[in-house]
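return a 3D structure for these sequence lines:
(2 chains)
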Amino acid sequence: MLLTIDTDDPRPIYSQVADGIKELIARGKLAEGAPLPPVRQVAADLGVNLNTIAAAYRALQDDGLIVIKHGSGAVVASRTATERNPDELLRQLRAALTELVLAGFSTRKILGIVARELK
Amino acid sequence: MMDPGRAAVIFYALFWAIRINGCVRRGRQPLLRGPEWFFNVRVPADFYAGAGKTLLRWYWMRMMIPFAVDIPIALWIIVSHHLVWLNWLALGLSALIHLNHVVSVDLAERQARPFAVEQPVASVMVSLAPRRLRHYANWRVEFVLVLITACALIWRHDLRPSWKVAAILLYLHVGLVYLKHLIVAWRMPVPREQATEHMAVQEAKRKYYLATIDWYRAALTAQLVVWSVHVGPLTTVDFATWVLISLIASVIVEIKRKQLARLSLRARPVTMPDLLRQAEIARWPVCYQPSAPLLMLKGARGYSINLANTCAIIGLAYMAGFVVLGHAL
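Residues are numbered from 1 along each chain as shown, chains lettered A, B, ... in the order given. Got it, this is the predicted structure:
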């Protein structure tokens, strides 16, 4: 259960933390009811501002993936995020696929990448 | 019966013997990973032909500071026939040697950093497993310590004449438990490359320090028992037992330390990125940074205690409590 932060990644750190935890939940490495470390622990381990991790946890709570209980920390609430607009999700997928096509990836290669990522 | 002064001299001589071994080990530490390293800093091949030679010499000179403090004080104690004070000198020197080493290594690494051939790593990994003191507690040990402490306090019916001894021992015990809490909370980011090896080393170090503290707690509990049962003057048998226990403990510590050193060599040291820009916000020995989650910030010249951290406040309150308790004595 390791979370990776990359300083070369253009995304802000809070977004990397939220995405990293989302990925672990989606992969089933963080099961429903699993406790998450306190904000202070993650912030101290990464050596980042407390507000950065608090923002990431808030974003995950807004998505319905975790529940933050004051005093007892955060736990994984569900493997599925709160209802999202399917059109919006498809738009994001289309944008990512467009980027891959423009980067010169063949359809077969893209399908391979998608299959590998889904695994 | 054993003369306490003579016992102190023998203990002090043993302290010196163990200390020489530590000196040799610390002297070799800069080159432990090979000639392309200076402690944990990767340096160019010609480093030890130029600046490295001077840095190494200064590091070795700094190792002599405890000797410069020790020898005149020890001579004065011997000449003035206050031999029992040698025990306090050895205790103070143990702390000084450790502190001097930590500061000296940090300084040496800072001085070598401009010559480093590697930049900070880009990817950092952290574990998402919650880390609390209870996860590292051995409940059987805790139960035994609490039971012995309670029995010792109950055994000594009349606490009034010497309650201060028990109060100090218990206060020290509480301090050690808090120290364990700090060690558990201590940050442990690892680089993406060799993440498993680095994590294993950090976890082993954490457990080693926690076990060491548990030994100190056991020693304090033993002292509480001695206080409770009212032992008489020190006999030769008592003294020999203490010497034997100290020697066995030293050998165990040395074995554990060597195991840890071997494990550490498997993980290649790297420089972690400074995401908090600590060098910019920590300019003085103390600072107030509420948004920084760290107790100690690594500034450009040294470490800075973050007074906005709850641990710093509790630590200061603990030390103030110690002063008050000392005053009550």
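
okay, now the unreliable bits of the chain?
You didn't say which chain, so I picked chain A. A:81-84 (pLDDT under 70).

if you could check chain B rather than the one you did, that'd help
B:1, B:157, B:159-161, B:231-232, B:234.

one more time with 80, if that's ok
B:1-3, B:118-119, B:156-162, B:188, B:230-239, B:242, B:300-301, B:328-329 (pLDDT under 80).

where exactly do the strands run in it?
With DSSP state E as the criterion, chain B has strands at B:37-38, B:41-42, B:123-127, B:190-191, B:286-287, B:296-298, B:303-306.

need those in JSON lines with distance to A:V76, can you?
(Each C-beta comes from the backbone N, C-alpha and C, glycine too.) Supplementary listing: those in JSON lines, determined by distance: least, Cβ to Cβ, whole Å:
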{"stretch": "strand B:37-38", "distance to A:V76": "42"}
{"stretch": "strand B:41-42", "distance to A:V76": "40"}
{"stretch": "strand B:123-127", "distance to A:V76": "16"}
{"stretch": "strand B:190-191", "distance to A:V76": "23"}
{"stretch": "strand B:286-287", "distance to A:V76": "36"}
{"stretch": "strand B:296-298", "distance to A:V76": "32"}
{"stretch": "strand B:303-306", "distance to A:V76": "31"}
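
list just the one of those that sits closest to chain A.
strand B:123-127 (4.1 Å; Cβ to the nearest Cβ).

is that closest one positioned near chain A?
Yes. Between strand B:123-127 and chain A, judged by Cβ under 8 Å from any Cβ of the partner chain, the touching residues are B:123-127.

contacting residues for residue 52?
In the absence of a named chain, this looks at chain A. A:12-14, A:17, A:43 (Cβ atoms under 8 Å, 6 or more residues apart in numbering or on different chains).

my bad, chain B
B:38, B:43, B:112, B:115.

residues in contact with the last one?
Neighbour list for B:F115: B:38, B:41, B:43-44, B:47, B:51-52 [criterion: Cβ under 8 Å, 6+ apart].

how close does the most centrally placed residue in chain A get to A:L46?
For chain A, the residue nearest the mean C-alpha position is A:D19 (1.8 Å; Cα atoms, centre = their mean). Applying Cβ to Cβ, to the nearest Å, the value for A:D19 to A:L46 is 14 Å.

what of B:Y209?
22 Å.

same check on B:W88?
43 Å.

more neighbours: which of these two?
Using other Cβ atoms under 10 Å in any protein chain shown as the criterion, B:W88 and A:L46 rank with A:L46 on top: 25 against 13.

after the longest helix anywhere in chain A, next one along is what?
Longest helix in chain A, counting residues (DSSP state H): helix A:86-102. Heading C-terminal from helix A:86-102, the first helix or strand you meet, by DSSP states H and E, is helix A:107-118.
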